[in-house]
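J.: Predicted structure and sequence below. I'll ask about it afterward.
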Amino acid sequence: LQAISGLEEEKKVIPSLEDNIVNLQRKLKVKQDAHSAALGMISILEEDKEVIPELECAIKEATDSLCAKTNELNEAVEQINNLKDKNSTLTNEKEGLLISFEQEKQKLKEECQAAEQTIDNVKQELKVIPKLNEEIK
């Protein structure tokens with residue numbers, strides 16, 4: 001009777017043990033999945049490790065190219081600034097020449113007016129010469 005009672009007690013414990021086994025199997029499955037995922041990540045990282053030197057090389061080449069282009073750009077900016085300075089100098093020289101030209105033009109205009117006045121004076125004197133000739137005769 002006692003053995004039967006013990007068996008009945010064990011019979012009650014078996015479902016709880018079965019539940020524990022099922023829970024443990026689920027946990028094992030989750031851990032196995034996580035382990036598989038980790039192995040997959042390790043595999044990807046190993047592939048990436050092989051790609052990294054290529055990427056580093058490509059980055060260095062791109063950086064070198066960028067530096068070269070930056071230097072070219074800086075040289076172009078310097079040339080532009082030099083041309084701006086030259087343009088400014090030439091503009092100032094042009095303005096100076098225009099002022100000199102206008103002054104020279106005004107001077108020539110005044111000289112022409114003086115010459116015309118002299119011509120008018122000479123014409124007036126030439127008109128007087130025949131009268132003087134008449135008077136002398």
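T.: Perfect, thanks for sending it.
J.: all helices of the protein, in order?
T.: 2-136 (DSSP state H).
J.: which regions of it sit below the pLDDT cut-off?
T.: 1, 6-7, 10-13 (pLDDT under 70).
J.: number of nearby residues for Asn87?
T.: The burial metric for Asn87, expressed as a neighbour count using other Cβ atoms under 10 Å, is 10. Quick note: C-beta positions are derived from backbone N, CA and C, even for glycine.
J.: Distance-wise, check Asp120 relative to Pro53.
T.: Shown here: Asp120 relative to Pro53, a distance of 98 Å by Cβ to Cβ, to the nearest Å.
J.: Sorry, slip of the keys, the one I care about is Glu78.
T.: Here Glu78 is placed at a distance of 37 Å from Pro53 (Cβ to Cβ).
J.: next one: Ala38
T.: Plainly put, Ala38 is 24 Å away from Pro53 if you go by Cβ to Cβ.
J.: Equivalent analysis for Ile4, please.
T.: Going from Ile4 to Pro53 by Cβ to Cβ gives 74 Å.
J.: Next: Leu73.
T.: As judged by Cβ to Cβ, Leu73 and Pro53 stand 30 Å apart.
J.: Over to Lys69?
T.: The span separating Lys69 from Pro53 equals 25 Å under the rule Cβ to Cβ.
J.: Counting neighbours, what do you get for Ser36?
T.: Here the count is done by other Cβ under 10 Å, and Ser36 has 10 residues near it.
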